[in-house]
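> Below is the sequence, then the predicted model.
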Amino acid sequence: MKTCIVTTDSYLNHNTGQGHPERADRVTVVIEHLKKINSKNLIWKKPVKFNLKYLEYAHDTNYLNTIKESFPKQGLNFLDGDTIVSPGSKEATIDAVGSILTGIDGVIKKEFKNAFCAVRPPGHHAEKQKAMGFCVYNNIAVGACYLLEKYKLKKVAIIDFDVHHGNGTQDIFYDNEKVLYISSHQYPYYPGSGAASEKGNKNNILNIPLSAGTQSHEFLNAYESIFKKLKEFKPEFILLSAGFDAHKDDPLAQINLRSKDYYTLTKRILTLSRELCDGKVVSILEGGYDLNALKESVDYHIKSFLEY
């Protein structure tokens, strides 16, 4: 069975302006590096078009209408202080969502065993009614809703190892017992949410707050409680909000992971996924802002996918 990389060129046209940390180079370095992997088990796909009704399961209709009108004809439009859209963002945002849905379809239909979506903009800060933190649509939340609605799954788990708490994903699923949202993140830090006391109204949220300066062994040890919660929940599918900004070289945070720690972390998640849900895993890029650290970390992430 193969690993699929889902991506397309539209991310290049999502212009966030001069000097913005969430820039096109992030995905370009990842794709260029992955193309050097010499493996017959690595395949590439473009996102397919999807029914936009799936956005409505994760986002408020008024919000979706506002976003639709927010893409400028020219120049840049600020949705908030750091979330910026350009004319090309309209296609890029839809393709980012389409990528995770394409990955899900392929895994369910056994076209490949797992998938990684190399996309931008990221998604996990986008709430039901609010764009923020570089995110417009919550890609992974739409993916989880798609699994529940199209494939009628009863239990989907999201593991978010981005260094920032996925406030948007938590917001969308706070009352939904069918979705387990798990996040390990630096705390207190942007966006301010993610305390251990935030457990969801159905005890379906698990936040693992980590102090600035956390080292690799402390980070990996923290995943023991995450794996315990996953085993209790017994998901039928696992989605990964794969941010690589907990790396020691990342400029936007202060957690000290090394690139190869992402191999260890991914391997442990995949091993457990085999036991829980027959290895059904789709991962999507969230943060990661040092280009070299991002490229290396994704390489280790995919190496683990290919070995699994």
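Happy to help now that I have it.
> Name the residues linked to residue 127 by a beta bridge.
Beta bridges link residue 127 to residue 130, judged by DSSP bridges.
> all strands for the chain, in order.
Assigned by DSSP state E, the strands in the chain fall at 3-6, 42-45, 77-78, 84-85, 114-117, 156-160, 179-186, 205-210, 237-242, 281-285.
> Tell me the helices and strands packed up against the fourth one.
Of the remaining helices and strands, those touching strand 84-85 by 3 or more Cβ pairs under 8 Å, 6 or more residues apart in numbering; DSSP states H and E are strand 77-78. For every residue, glycine as well, the C-beta is placed using N, CA and C.
> so what strands line up beside the strand it packs on?
Here strand 77-78 is paired, per DSSP bridges, with strand 84-85 (antiparallel).
> which outside residues touch the partner strand?
14-17, 20, 70-72, 76-79, 93, 136 (Cβ atoms under 8 Å, 6 or more residues apart in numbering).
> Give the PyMOL command for selecting the buried subset of the residues you listed.
The PyMOL selection below is limited to those of the contacts of strand 84-85 classed as buried (16 or more other Cβ atoms under 10 Å):
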select buried, resi 14+15+16+71+77+79+93+136
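> In CSV: the contacts of strand 84-85, plus distance to residue 46 and pLDDT.
CSV is the format used below for the contacts of strand 84-85 (distance: Cβ to Cβ, whole Å; pLDDT from 0 to 100):
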residue, distance to residue 46, pLDDT
14, 16, 98
15, 21, 98
16, 22, 98
17, 27, 97
20, 25, 98
70, 25, 98
71, 21, 98
72, 25, 98
76, 26, 98
77, 27, 98
78, 30, 98
79, 26, 98
93, 16, 98
136, 20, 98
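> on that earlier part again, which one, of the strands of the chain, ends up nearest to residue 251?
Taking Cβ to Cβ, strand 179-186 is the member of these nearest to residue 251, at 13.3 Å.
> Now do that closest one, average pLDDT.
The average of the pLDDT scores along strand 179-186 is 98.
> same question, stretch 216-233
98.
> And the helices in the stretch 1-150 of the chain?
For the stretch 1-150 of the chain, helices defined by DSSP state H, counting those that start in this stretch occupy the ranges 25-34, 53-58, 61-70, 89-108, 139-149.
> Could you single out the most deeply buried of those helices?
With neighbours taken as mean count of other Cβ atoms under 10 Å, the helices of the stretch 1-150 of the chain reach their highest mean count in helix 139-149, at a mean of 25.
> just how off-centre is it within its chain?
The chain centroid and the centroid of helix 139-149 are separated by 12 Å, computed with Cα atoms, centre = their mean, to the nearest Å.
> Can you give me the separation between the most centrally placed residue in the chain and residue 81?
Against the mean C-alpha coordinate of the chain, by Cα atoms, centre = their mean, the closest residue is residue 241 at 2.7 Å. Here the distance between residue 241 and residue 81 works out to 22 Å (Cβ to Cβ, to the nearest Å).
> re the thing from before, closest to residue 294 out of the helices of the stretch 1-150 of the chain?
With distances scored as Cβ to Cβ, the stretch of those nearest to residue 294 is helix 25-34 (6.2 Å).
> List of residues touching that closest one?
The contact list for helix 25-34 (Cβ under 8 Å, 6+ apart) reads 5, 7, 11-12, 42, 118-120, 285, 288-289, 291-292, 294-295, 298-299, 302.
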